[in-house]
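Colleague: structure for the following, please:
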Amino acid sequence: MNDVFGTAILDHQLGKCEEDIITSTSISDEEPLKVSYLFRTFEQMPELEQTALSLAKGTILDVGCGAGSHSLILKTKGFDVKSIDISPKAIECCQLRGLDNAKVLDVLNETETFDTLLLLMNGSGIFQSLEQTPKILAHLKNLLNKNGQILIDSSDIKYMYEDDDGGYWMDAHSVYYGELEYTVRYKNKEDSFQWMYLDFNRLKTACAIVGLKCKKIKDGPHHDFLAQITIK
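Modeller: Model prediction:
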């Protein structure tokens, strides 16, 4: 991996960022993403993210923290926050921004326990596939303290397959329409990886398989939602 996201994030922190990140998926064309969006303030965040941050409690693990914007808000409120990401350069940025407990770590290798796990900006992406979802949820369950919670947002992207007649086209070779290949490009470097947008009903079903309870907290304006997951 070329650490495209991390490179762009660290460049922005160091004042060297002059380009957008270019994103695309296996079912959508290229779109620009301003790197500054990853550095947004609480007031600039979507309502789903604001709601999630307001529900966070106790010790917190910010999974896939990126530039650390969610972690910084929670730290300012006095929370004990651990911020993790698989991108070394993103974590370097987080440390420069004052997040002293920011680590290069895949959540599947995390062993500490927390009161809140935060998975935002389409947190369901880390599951990568419908098949892997229960297994990863089982691991997340093991990271929860008693009365702990997982706050996760996602989107149902079925609308992207709708045709002009109101019907839906689907790839016959795909297990689930939310499983995509996601590509990011910045400064002529490119990374591609598996990513998943998971609808609420399938998230709820996967949670039930591993003894978790899933509650929808809020719907967003564009087929997105915030869910709270707790131990049954």
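Colleague: C-alpha only now, for contacts and for neighbours.
Modeller: OK.
Colleague: ok, now how distant is the closest residue to L72 other than its chain neighbours from V35?
Modeller: Leaving aside its chain neighbours, L72 sits nearest to L99 (7.0 Å; criterion: CA to CA, 6 or more residues apart in numbering). Per CA to CA, to the nearest Å, L99 is found 19 Å from V35.
Colleague: would you say the residue nearest to L72 is within a strand?
Modeller: No. Read with DSSP: H, G, I helix; E, B strand; the rest coil, L99 is coil and lies in no strand.
Colleague: show me what contacts it?
Modeller: By CA atoms under 8 Å, 6 or more residues apart in numbering, the residues touching L99 are 68, 71-72, 83.
Colleague: out of those, which are inside helices?
Modeller: Counting by DSSP state H, the part of the contacts of L99 found in helices is 71-72.
Colleague: widest-spaced pair of the contacts of L99?
Modeller: Largest separation among those by CA to CA: L72 and S83, giving 9.5 Å.
Colleague: pick out whichever of the two has more residues nearby.
Modeller: More crowded of L72 and S83, by other CA atoms under 10 Å: S83, with 27 against 20.
Colleague: tell me who's in contact with that one.
Modeller: Taking CA under 8 Å, 6+ apart, we find S83 in contact with 61-65, 68, 71, 99, 101-103.
Colleague: weed out the non-buried ones from these.
Modeller: Buried members of the contacts of S83, counted by 16 or more other CA atoms under 10 Å: 61-65, 68, 71, 99, 102-103.
Colleague: of those residues, closest to W195?
Modeller: Taking CA to CA as the measure, G64 is the one of those closest to W195, at 13.0 Å.
Colleague: got the phi/psi numbers for the closest one?
Modeller: G64 adopts backbone torsions of phi 70, psi 50, taken as degrees, to the nearest 10.
Colleague: determine the set of other helices and strands touching the lengthiest strand in the chain.
Modeller: Among the segments of the chain that qualify as a strand by DSSP state E, the longest is strand 144-155. With contacts defined as 3 or more CA pairs under 8 Å, 6 or more residues apart in numbering; DSSP states H and E, the packing partners of strand 144-155 are helix 47-55, strand 114-119, strand 224-231.
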